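In: sequence first, then the predicted structure:
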Amino acid sequence: MSFEGLAPVTEASGAAWILPRLRGFGGRVNQVVPDGFEAYARLLHPAADEEGAPVTWAEVCRRQGRTAHALMQWQSIAGVTDHVERVGRWPRRSWVSERTSEWPGHEPEEGRAPADLLRAALQVLSQFTADTDHCFHAVWEGWGWLQGGVQLRRFTFDQRGASPAVPVPDALPAGLLEGARLQHPGRDYLLFEGPLLAALRIGPQTTADRFSLQSPNLLWPADQSWCLATEVDFDSTLIAGPRELIDTLLRMPDLEARAVEATDDLTVNGDLINRRNAGSD
């Protein structure tokens, strides 16, 4: 069931500690997760090859002749180029954009930690959480599936072309959108509380047997000892916490994790190594 184990909070005081420790809105680590933690890790969302098999960023770098490092950006290592063209004349002028990539497979997901990655991260986080039954989960309120209401409908077609609506189980539990909002610069979130592992139940229940995992955009325990963030426009997940936690994440064989600093730039401009190499190709 969607959001199983989670309840909307009635007021957002449990999240008040985060905003004073964010250094504005942008692409630096401490603009996504709070400043002041002992250590930080970046978990890279896997890409996929032409057959859909998961591929690490390090392997993409090997195949593309790029350099794997903590601040590498997908656009740089995959040779992604955005082409923008102006079409027509004023006042009917428009802009047409097209993206090309040297990587023949699939890009990493943005704004959503894949299930296997999230499950592996939660396994580690549970070892560093005093009360795994009391955590806070924040979900960006701008996701399209949150705007469709609590009831989705599936359509079937008969031989005459009719399309009667067939109700499916509630995509979102009643009252889900009525809780307190967590307001940050550039992002507003729905805020829930519940067990740590309930992070694996966030998302819409689109049919009786189909659940689509979203993953929380922010997640932290009641004692605020660590914080996980998957920024809406990022293809990686950040975790901030004590050094021992981060070192454990970096050793996990199921995660492609890199140590980063609070002030590191995770925009395309931050990948100075591969931008420089691309310019010399």
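Out: Sure, I can see it. Numbers count the residues shown, from 1 in each chain.
In: which stretches of the stretch 1-150 of the chain form helices?
Out: Assigned by DSSP state H, counting those that start in this stretch, the stretch 1-150 of the chain shows helices spanning 57-64, 74-77, 115-126.
In: revised request: answer the last question for the stretch 151-281 of the chain.
Out: With DSSP H, counting those that start in this stretch as the definition, the stretch 151-281 of the chain shows helices at residue ranges 243-251, 272-280.
In: most tightly packed of those helices?
Out: With neighbours taken as mean count of other Cβ atoms under 10 Å, the helices of the stretch 151-281 of the chain reach their highest mean count in helix 243-251, at a mean of 16. Heads up, the C-betas are built off the backbone N, CA and C, glycines and all.
In: switch the helices of the stretch 151-281 of the chain over to CSV; also include distance to residue 72.
Out: As requested, the helices of the stretch 151-281 of the chain are arranged in CSV below (distance: least, Cβ to Cβ, whole Å):
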stretch, distance to residue 72
helix 243-251, 16
helix 272-280, 6
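In: ok so, going back, looking at the helices of the stretch 1-150 of the chain, which is closest to residue 34?
Out: With Cβ to Cβ as the measure, helix 115-126 is the member of the helices of the stretch 1-150 of the chain nearest residue 34 (15.6 Å).
In: where does the protein have low pLDDT?
Out: Under the criterion of pLDDT under 70, the regions of the chain flagged as low confidence span 1, 85-97, 148-171, 277-281.
In: coming back round to it: and of the helices of the stretch 151-281 of the chain, who's closest to residue 99?
Out: Nearest to residue 99 among the helices of the stretch 151-281 of the chain is helix 272-280 (15.8 Å), distances taken as Cβ to Cβ.
In: returning to what we had before: most tightly surrounded among the helices of the stretch 1-150 of the chain?
Out: Mean neighbour count (mean count of other Cβ under 10 Å) peaks for helix 74-77 among the helices of the stretch 1-150 of the chain, with a mean of 24.
In: mind listing what the residue nearest to residue 120 when sequence neighbours are not counted touches?
Out: Taking Cβ to Cβ, 6 or more residues apart in numbering as the measure, residue 120 lies nearest to residue 254, with 4.3 Å between them; neighbours along the chain are not counted. Shown in contact with residue 254 (Cβ atoms under 8 Å, 6 or more residues apart in numbering): 116, 117, 120.
In: on that earlier part again, among the helices of the stretch 1-150 of the chain, which comes closest to residue 104?
Out: Using Cβ to Cβ as the criterion, the shortest distance between residue 104 and the helices of the stretch 1-150 of the chain is 9.4 Å, found for helix 57-64.
In: which among the helices of the stretch 1-150 of the chain is found nearest to residue 12?
Out: Proximity of those to residue 12 was assessed by Cβ to Cβ; the nearest stretch is helix 115-126, lying at 21.7 Å.
In: still on that earlier bit, would you list the helices of the stretch 1-150 of the chain in TSV and tack on distance to residue 12?
Out: Supplementary listing: these in TSV, determined by distance: least, Cβ to Cβ, whole Å:
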stretch	distance to residue 12
helix 57-64	35
helix 74-77	33
helix 115-126	22
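In: what's the spacing between residue 141 and residue 249?
Out: Computed with Cβ to Cβ, to the nearest Å, the distance linking residue 141 and residue 249 is 28 Å.
In: returning to what we had before: the helices of the stretch 1-150 of the chain: which one's closest to residue 176?
Out: Evaluated with Cβ to Cβ, those place helix 115-126 nearest to residue 176, the distance being 20.1 Å.
In: now the closest one and helix 243-251, what's the angle there?
Out: Note on geometry: by axes from the mean of the first three to the mean of the last three Cα atoms, to 10 degrees, helix 115-126 and helix 243-251 are set 150 degrees apart in direction.
In: who's the nearest residue to residue 246 once chain neighbours are set aside bridged to?
Out: The spatially closest residue to residue 246, leaving aside those adjacent along the chain, is residue 39, at 3.8 Å (Cβ to Cβ, 6+ apart). Each beta-bridge partner of residue 39 is listed here, defined by DSSP bridges: residue 241.
In: residues in contact with residue 39?
Out: When contacts are counted by Cβ under 8 Å, 6+ apart, residue 39 touches 240, 241, 242, 243, 245, 246, 247, 259.
In: that concludes my questions; thank you for your assistance.
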